[in-house]
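1. Whatever this is, show me its structure:
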Amino acid sequence: MTISHAVVGDGPAVLLVHAGVADARMWARQVAELQQDHRVITVDLRGYGETPLEAGAKYSDAGDVLALLDELGVDSVQAVGASFGGYVVQQMASRAPERFSRLVLICAPTDNVEPTEDLRAVWAEENKLIEAADVDGATDLMVRSWIGPDADDDARELLRTMQKRAYELQLAAGDDVENEEYAVEPEKISAPVRLITGAHDFQFFANCATYLAERLPDVERIDLPWAGHLPTLERPAAAPGLIRAHF
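-> You can find the predicted model right below:
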């Protein structure tokens with residue numbers, strides 16, 4: 001299966017992988033800026049945006065994106081991943097470190113770090129609302145939980161739209177799907193890595209950044225005092241600088 005994707009611009013390849021509450025639309029402002037001097041690749045993972053999720057599917061998000069890079073003939077790429085997208089990027093870079101020249105991980109989870117109780121509580125409330133078929137309530141919960149105080153109304157509405165689309169696709173597929181996750185092995189990731197966290201985010205993601213910073217061979221960490229979980233949506237004008245500063 002080829003996941004939905006877009007490629008614009010010309011120059012060094014940059015891959016943008018979306019958060020688990022979003023899809024490729026979250027990168028629109030960054031794509032417009034980066035495509036001036038980069039070949040920008042955006043994707044919708046299965047069950048997000050324009051990529052369906054079939055009932056009974058057995059797949060790997062990391063495997064899907066690596067296969068797409070093969071299809072596009074991209075041997076070396078700079079990868080930016082937000083939240084779950086950052087986890088997918090870590091899986092890929094652990095599996096094929098020679099293919100990644102730079103990584104930017106924005107509020108990304110990782111292996112071997114326990115979720116904090118406040119995060120578990122949000123997941124439990126989301127499951128409760130979904131089981132009650134209250135998709136609107138679950139969507140509102142996600143918007144409240146995952147975007148920081150600097151976000152404007154347009155950003156919140158976009159997040160609501162993207163999350164509702166994800167629920168639509170994923171609930172239609174049911175529970176009989178299997179997403180294989182490759183092991184994250186920070187010590188194998190040879191590319192320089194920038195870790196970005198937000199002061200208004202769940203503590204879990206700062207804990208993940210600390211764990212990674214202690215293990216990655218070439219790492220830089222930036223903690224944003226104004227940011228929640230999705231800084232590229234919260235202050236889109238600042239996002240290209242956060243990304244470009246590492247390229």
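2. wait, what's in contact with Val193?
-> With contact set as CB atoms under 8 Å, 6 or more residues apart in numbering, Val193 has these partners: 102-105, 212, 216, 218-220. For the C-beta atoms, the positions are set from N, CA and C on the backbone; glycine is no exception.
3. biggest helix in this protein, by residue count?
-> Ranked by residue count, the top helix of the chain under DSSP state H comes out as helix 153-173.
4. just checking, what packs against it?
-> When contacts are defined as 3 or more CB pairs under 8 Å, 6 or more residues apart in numbering; DSSP states H and E, helix 153-173 sits against helix 135-146, helix 231-234.
5. looking at the ones you listed, which is buried most?
-> Mean neighbour counts were compared across those using mean count of other CB atoms under 10 Å; the top stretch is helix 231-234, at a mean of 27.
6. Report the mean confidence score over that helix.
-> Helix 231-234 shows an average pLDDT of 97 in the prediction.
7. how far is that helix from where the chain is centred?
-> A distance of 12 Å separates the centroid of the chain from that of helix 231-234, by CA atoms, centre = their mean, to the nearest Å.
8. try stretch 230-247
-> With CA atoms, centre = their mean as the basis, stretch 230-247 stands 14 Å off its chain's centre.
9. still on that earlier bit, return the longest helix of the chain as PDB; C-alpha atoms alone will do.
-> Provided in PDB are the C-alpha atoms of helix 153-173 (Å, rounded to 0.1, in the frame of the first residue of the first chain):
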ATOM      1  CA  ASP A 153      -9.100  29.700  17.000                       C
ATOM      2  CA  ASP A 154      -8.100  28.700  13.500                       C
ATOM      3  CA  ALA A 155      -5.500  26.300  14.900                       C
ATOM      4  CA  ARG A 156      -8.000  24.800  17.300                       C
ATOM      5  CA  GLU A 157     -10.500  24.300  14.600                       C
ATOM      6  CA  LEU A 158      -8.000  22.700  12.300                       C
ATOM      7  CA  LEU A 159      -7.000  20.300  15.100                       C
ATOM      8  CA  ARG A 160     -10.700  19.500  15.700                       C
ATOM      9  CA  THR A 161     -11.200  18.800  12.000                       C
ATOM     10  CA  MET A 162      -8.100  16.500  11.800                       C
ATOM     11  CA  GLN A 163      -8.900  14.600  14.900                       C
ATOM     12  CA  LYS A 164     -12.500  14.000  13.800                       C
ATOM     13  CA  ARG A 165     -11.300  12.600  10.500                       C
ATOM     14  CA  ALA A 166      -8.900  10.300  12.300                       C
ATOM     15  CA  TYR A 167     -11.800   9.000  14.500                       C
ATOM     16  CA  GLU A 168     -13.900   8.500  11.400                       C
ATOM     17  CA  LEU A 169     -11.300   6.300   9.700                       C
ATOM     18  CA  GLN A 170     -10.100   4.400  12.700                       C
ATOM     19  CA  LEU A 171     -13.500   3.600  14.100                       C
ATOM     20  CA  ALA A 172     -14.700   2.400  10.700                       C
ATOM     21  CA  ALA A 173     -11.800  -0.100  10.700                       C
END
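10. Next SSE downstream of that helix?
-> Sequence-wise, the next helix or strand beyond helix 153-173 is strand 178-179, with elements assigned using DSSP states H and E.
11. Within the sheet, what are the partner strands of that next one, with directions?
-> For strand 178-179, the paired strands and their directions (DSSP bridges) are strand 58-59 (parallel).
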